[in-house]
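**Q** I would like the atomic coordinates for the input below:
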Amino acid sequence: MKRILLFLLLILIISNCKKDNEKEVLNPCDCPKERNCTLELDFVVINIKNQNSQPISLDEYYTIRISNGEKIISKDFGLDSLRRAWGAYPVISDREKETIEKCGTDFEFTGIKNGIEIVKQRYTIGHDCCHVKILSGKPDIIVQD
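**A** Prediction:
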């Protein structure tokens, strides 16, 4: 009887051992502790055009984090004139990645032209543990003239 108990105890101990090369099991919304990411700064960018596919130049734009009302302004004054010319505006960047849930955080982009709000669009933004990405919401917006 003692041998059987000793044998079962030994099997139990061995079955609980973890090999060094076994991968860590993660919640799908968690990131691994060790990851290889590029150092580039990525943005979630939306394109705003009119019905004739001409880019819309906004006077002001910003993003609001829905959960707490935080206003995020992703302007880079060196690139801002190009963004306006192309109608391509950042919703969020990798700078905010640490405050965004991997499986998604809700944001609202607002665009203003001539003092009038012409764009208000909700987005769910997540990340792949390295860079932000759009999970839901329209990346291309057509504005009526």
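**Q** against which helices or strands is the longest strand anywhere in the chain packed?
**A** The single longest strand within the chain, with elements called by DSSP state E, is strand 116-127. Packed against strand 116-127, as judged by 3 or more C-beta pairs under 8 Å, 6 or more residues apart in numbering; DSSP states H and E, are the following elements: strand 43-50, strand 88-93, strand 105-113, strand 132-136, strand 140-143. The C-beta positions use only the backbone N, C-alpha and C, and glycine is treated the same way.
**Q** quick one, what contacts residue 56?
**A** Under the criterion of C-beta atoms under 8 Å, 6 or more residues apart in numbering, the neighbours of residue 56 are 48-50, 87, 111, 113, 118, 143.
**Q** do the same with residue 99
**A** If you count contacts by C-beta under 8 Å, 6+ apart, then residue 99 has 65, 105 around it.
**Q** also residue 66?
**A** 105-108, 122.
**Q** drop anything exposed from the residues you listed.
**A** Those of the contacts of residue 66 that meet the buried threshold are 105-108, by 16 or more other C-beta atoms under 10 Å.
**Q** so which of those comes closest to residue 80?
**A** residue 107 (19.6 Å; C-beta to C-beta).
**Q** might one say that that closest one is in contact with residue 62?
**A** No: in this structure, residue 107 sits apart from residue 62 without contact. The criterion is C-beta atoms under 8 Å, and the distance is 10.2 Å.
**Q** for this protein, give me the ranges with low pLDDT.
**A** Residues of the chain meeting the criterion pLDDT under 70: 1-2, 5-10, 12, 14-26, 75-78.
**Q** narrow the contacts of residue 56 to those that are buried.
**A** Buried among these by 16+ other C-beta under 10 Å: 48-49, 87, 111, 113, 118, 143.
**Q** just put the residues you listed in CSV and tack on distance to residue 32.
**A** Listed next are the buried ones among the contacts of residue 56 as CSV, based on distance: C-beta to C-beta, whole Å:
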residue, distance to residue 32
48, 36
49, 39
87, 37
111, 37
113, 43
118, 42
143, 41
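**Q** distance to residue 72 for the helices and strands packed on strand 116-127 - can I get that in CSV?
**A** Converted to CSV, these look like this (distance: least, C-beta to C-beta, whole Å):
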stretch, distance to residue 72
strand 43-50, 11
strand 88-93, 7
strand 105-113, 8
strand 132-136, 12
strand 140-143, 18
